[in-house]
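**Q** Fold the following, please.
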Amino acid sequence: QVQLVESGGGLVQPGGSLRLSCTASGLRLDNYAIGWFRQAPGKGREGVSCINSADRRTYYEDSVKGRFTISRDYVKGTVYLQMNSLKADDTALYYCARGGGGWCPSLNNQADFRSWGQGTQVTVSA
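**A** Below you'll find the predicted structure:
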C-alpha cells in the first residue's frame, strides 16, 4: 500500500521558518493533488493547504495565508510546504496526503484524501 512520507519538521523559535517535504515510494505524485494537514495536541486534524496537479493552483486555510507556501517539484516528485513567520499555534504534527485525482478536494473533506503519511512534528517555542 502506497504511503506518503513527510520530513523537515523540527523545533523552531517563533518567527522562524521550516520547509516540509512530502514524497512517496512506488507512486508518482505528479498526477495527484497533494494536501497538507496538521493536528495539534488535544485538537482534531485540520487542513492547511493543497496544490493541484495540472495547473498548480493552491489553496490555504485562512490562518496560514501569507505565511505558508505550498509548491511542487515534478522532477524530484516532491511537494513542499514552506512555513514562515511561525507561531506557537502552528505547533502540530503535520501530514501530507493525496487526492483521488489531480484536483484538490476541499480541505474540509479529509475523507477525500488518501495514502496518509506518519507525519512530521513541528514545534514552535522559545
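**Q** which element is the one residue sitting closest to the centre of the chain on?
**A** Geometric centre of the chain, nearest residue: Trp36, 2.3 Å, by CA atoms, centre = their mean. Trp36 belongs to strand 34-39 when assigned by DSSP states H and E.
**Q** Walk me through which strands that strand pairs with, and which way each runs.
**A** strand 45-51 (antiparallel), strand 92-99 (antiparallel) (DSSP bridges).
**Q** Of those strands, give the one that comes closest to Leu11.
**A** Proximity of these to Leu11 was assessed by CB to CB; the nearest stretch is strand 92-99, lying at 13.0 Å. Bear in mind the C-beta positions are built from the backbone N, C-alpha and C, glycine included.
**Q** Looks like the residue nearest to the centre of the chain contacts Cys96 (just checking).
**A** Yes - Trp36 lies in contact with Cys96 (CB atoms under 8 Å); the separation is 5.5 Å.
**Q** got any residues that touch both of those two?
**A** Leu20, Cys22, Val79, Leu81 (CB atoms under 8 Å, 6 or more residues apart in numbering).
**Q** who's in contact with the third one?
**A** This points to Val79. Val79 neighbours (CB under 8 Å, 6+ apart): Ser21, Cys22, Thr23, Leu29, Ile34, Trp36, Ile51, Ile70, Ser71, Arg72, Asp73, Cys96.
**Q** Between those residues, identify the one with the most neighbours.
**A** Cys96 (31 neighbours; other CB atoms under 10 Å).
**Q** how close does that residue sit to Met83?
**A** 13 Å (CB to CB, to the nearest Å).
**Q** Between the two, which contacts overlap?
**A** Joint contacts of Cys96 and Met83 (CB under 8 Å, 6+ apart) are Leu20.
**Q** follow-up on the earlier one: tabulate the strands paired with strand 34-39 (JSON lines), appending distance to Lys65.
**A** Below are those laid out as JSON lines (distance: least, CB to CB, whole Å):
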{"stretch": "strand 45-51", "distance to Lys65": "9"}
{"stretch": "strand 92-99", "distance to Lys65": "17"}
